Structure formats: C-alpha cells, structure tokens
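S.K.: got a sequence here, can you model it:
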Amino acid sequence: MAQHIPIWPGSESVHYSAVAGNTPFGFYDTDPSFCTASVKTADWSAKRLGYPIVDIELQAINFFAIFEEAVTEYSSQVNYYNIKENLLSLKGNPTGSNLTHKEITPNHGRLITLAKSYGTEAGSGGDTTYYSASLNVTNSIQSYDLTDSNVITGIGSGQFGESKDSSPFIAEGNWEIRRVFYEGTPAMTRYFDPYVGSGNSTQHLLDGFGMGGMSPAVNFLMMPMYDDLLRVQAIEFNDMIRKSGYSFELRNSKLRIFPRPTANFKLWFEYTRRTDTIDILKHGSGSTTITDFSNATYDNMVYADINDPGKQWIRKYTLALAKELLGNIRSKYGSIPIPGSEVNLDGDTLRSEAASEKENLISQLREDLEAASRRNLLERQKEESEFMNETMNKIPYGIYIG
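M.R.: Numbering: from 1, shown residues only. Prediction:
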C-alpha cells in the first residue's frame, strides 16, 4: 500500500512557531517578524497557485525554505550593489563590523594610500620607513662600493630614531638609495656672523624678532629682504663657478662623489628596503582588512528592517520559487491515467512562468538599485537644480517704488 504524503493543509493548520528549526539555514529563525511572515506568505502563495480549488503538492517546510531563499536573494542583490557602490571607500577598513543597513560615507582612503606610494618615491612622505647609514670617505678616493661592509658604517638607524634596520640589507642588495647628503656648507651659515654687532644696542631689538643670534644687526633692520637673497646667491654662484660643484653619481651599487675628497670624513645617505616598498600586504591581510569584493562585511539583512516595497518583492519572488518547485514536482509525471482518460499536469507551464517571473524580478531590482546609485542621484539633483533655476528666472522681478 502506497504511503500517503501530506500536502499543504492550509494556513489554519500551521502556526508561526513551527517555522523556527524548519528552514534549511535558519538565518532568520530568531526574528519573530520573519516567522509570522513565513506562514502568511505560504498561505498567500498557496492560494495564488489555486488552493483550495486544487491541491498544492507542497508542504509547509517547502514554503518556509523558499521564503528564506527569497529573503536571502533580496539581501544578496542589495548587498552586491552596495559593495560595488562603496568598495573604493571600504578597502583598507577593518572586517570586524557588519555594514548591512549602514550608510557609507565616501572618502579618499584609497587615493591617500596611492599618494603615499608616490610620496615614498618622491621622498616627500609615504608609508615606507627610511633608514640611514654612513660611508667612510677616504682622502683622494672618489668611488665606493656600497656593498662593501668595510666601507659602510652606522647602518640601520631608522628615520627620526624610532626604529633600526635589523638585517644587513646593504650587503644583501635589498636596498634603494633615496638621498645622499653630498651638499656643501649652506651659504646662510657663511653669510651670518654671530659676533658682528653683538655689542650694539640693536641686539635687544633683534631678540624681539627672534633673530638675536644672527647679525649683522643693522642689515637685518635696515636692508630690504632681497639684499639678503642676493648675498646668498652670490656665495652659491661663487661656489659653482670658481669651485668644483658638490655632486655624486650613483650606478647600481657604485657611488662616485665630486669633487675629489681632500680629507677623511663620513658621508651620510638614506635608503629604503625594496621589500618594504613592494610589500602588497603592508596594509593588512584579508582576515582583518577589507581587500576586495569577497570580504566586504555585508551580512544577511534583518527581515524586520526591510521596508514594505522590499517585502513585496520578496513575496513575489517566493511565489515564483513556489511555481518552480511545484512545476518540478508535477513534471515527474506528464499525465495521470484515470478511468477512461488521463489528466495532463501543468508542470512545464509552471516552470516556464517561474523562470520568466524570477528573471523579471531580478532585472527590475537591479535597475532600481542602479537608478539609486550615487552618480545617478547626483545627476538627478543637478538636473533638478537647473530646472529650478530656469523656473525662478521666469518669475517677474518686483518694481521698487520709493
């Protein structure tokens, strides 16, 4: 004897408390509004499919499963759009907080990160640590090999003294020279004489301007600013024309300095580690930081927080899924023999209608989301402002009578 399989008995036989524990994933089982809506949507879908005029070969758990799928699909579509819309602002942020139902403020985070990379190359900032080292310059020797440990001293001191390079990167070649301190004595230090005018009464006046340690005092107070600049330029031009200009040439690991040294001294330079410069994970890994589309933290929506238009979309999508499932069931047998004839089932028709309805619902939702994109909203606001200005320009100006 064939076992009887119960089918949809009607909503009066199903209580909302039966929803929890009977959905495949249980995403929303703790939400009372979801449980109540599951029973009501199941009843509505069954009646739209012909109940009680015809039997609906589905059970309550089937309706609960497809209702959960519809809510998840709606949440997924909206979240996909939000990720695409906000990914540029989300990259680099922590993955810890859920961003669903939250407004994302556009920012320049990624542009700043990119600017820091350029800043490292330009030597004007950035996010790569600069290290310093010194070169033992020997009298009359111009060329030096920076990979020679006998030549390099003081290696590893970090910028601003906050860190040190713990490995011999210079010897390993994992380095890039960023700056060589090859310049001569600044012209300003040769222009100012701290002893001239120190006994004049003007010295106290200089203190008031923050220039008490500099002189000649009379020049500071009486001469125009361009006079000081011309004197500095004269010293620099003198060094350039009458002396050998201080310079250097760096090719691979070979450094050549100009002019030829006349004494032993230390020449300092700054460098960065190449591994620091090209480290693509310096800003965090995928487990702690949003890096791409896959780990932007948008979770399933809370059903109670979805507005009525969204819930209506979910109900329609549930009905389309119910048609699809019922069509699959009825397509198992194309017809059922009865005495003297046979009954043809509408499984193929239901599946065709379900496929079309699902496609239309998804397309319409994506179009609505795209229409509400930040770019389209700004364009609409611009058009509205232009129309408003055009309307205001047609209002006659009042005539003032004094």
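S.K.: CA only for contacts and neighbour counts going forward, please
M.R.: OK.
S.K.: can you tell me the element Cys35 falls in?
M.R.: helix 32-48 (DSSP states H and E).
S.K.: what comes up buried for that helix?
M.R.: Buried positions in helix 32-48, judged by neighbour count with 16 or more other CA atoms under 10 Å: 32, 34-35, 37-46.
S.K.: now do that helix: which elements does it pack against?
M.R.: helix 60-90, helix 308-330 (3 or more CA pairs under 8 Å, 6 or more residues apart in numbering; DSSP states H and E).
S.K.: which one of those lies closest to Thr120?
M.R.: Nearest to Thr120, of all the helices and strands packed on helix 32-48, is helix 60-90, at 22.0 Å by CA to CA.
S.K.: show me what the mean pLDDT comes to for the closest one.
M.R.: For helix 60-90, the mean per-residue pLDDT is 92.
S.K.: which SSE is immediately downstream of that helix?
M.R.: helix 109-122.
S.K.: how far away from the center of its chain is stretch 247-264?
M.R.: Here stretch 247-264 is found 44 Å from its chain centre; the criterion is CA atoms, centre = their mean, to the nearest Å.
S.K.: quick one: end-to-end length of that stretch, please.
M.R.: Distance across stretch 247-264, first residue to last, is 17 Å (CA to CA, to the nearest Å).
S.K.: still on that earlier bit, name the surrounding residues that touch the helix holding Cys35.
M.R.: By CA atoms under 8 Å, 6 or more residues apart in numbering, the surrounding residues in contact with helix 32-48 are 8, 10-11, 14-17, 19-20, 28-29, 56, 60, 63-64, 67, 303-304, 315, 318-319, 322.
S.K.: and that helix, how far out from the chain middle?
M.R.: 40 Å.
S.K.: okay, stretch 320-337 in PDB with CA atoms only?
M.R.: Taking C-alpha atoms only, stretch 320-337 is exported to PDB below (Å, rounded to 0.1, in the frame of the first residue of the first chain):
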ATOM      1  CA  ALA A 320       7.900  32.400  -8.400                       C
ATOM      2  CA  LEU A 321      10.000  29.900  -6.500                       C
ATOM      3  CA  ALA A 322       6.800  28.000  -5.400                       C
ATOM      4  CA  LYS A 323       5.800  27.800  -9.000                       C
ATOM      5  CA  GLU A 324       9.200  26.400  -9.900                       C
ATOM      6  CA  LEU A 325       9.200  23.800  -7.200                       C
ATOM      7  CA  LEU A 326       5.600  22.800  -7.800                       C
ATOM      8  CA  GLY A 327       6.400  22.600 -11.600                       C
ATOM      9  CA  ASN A 328       9.300  20.300 -10.900                       C
ATOM     10  CA  ILE A 329       7.100  18.000  -8.800                       C
ATOM     11  CA  ARG A 330       4.300  17.900 -11.300                       C
ATOM     12  CA  SER A 331       6.800  17.300 -14.200                       C
ATOM     13  CA  LYS A 332       7.700  14.000 -12.700                       C
ATOM     14  CA  TYR A 333       4.600  12.600 -14.400                       C
ATOM     15  CA  GLY A 334       3.400  14.300 -17.500                       C
ATOM     16  CA  SER A 335      -0.100  12.800 -17.100                       C
ATOM     17  CA  ILE A 336      -2.000  10.700 -14.700                       C
ATOM     18  CA  PRO A 337      -4.300   7.900 -16.000                       C
END
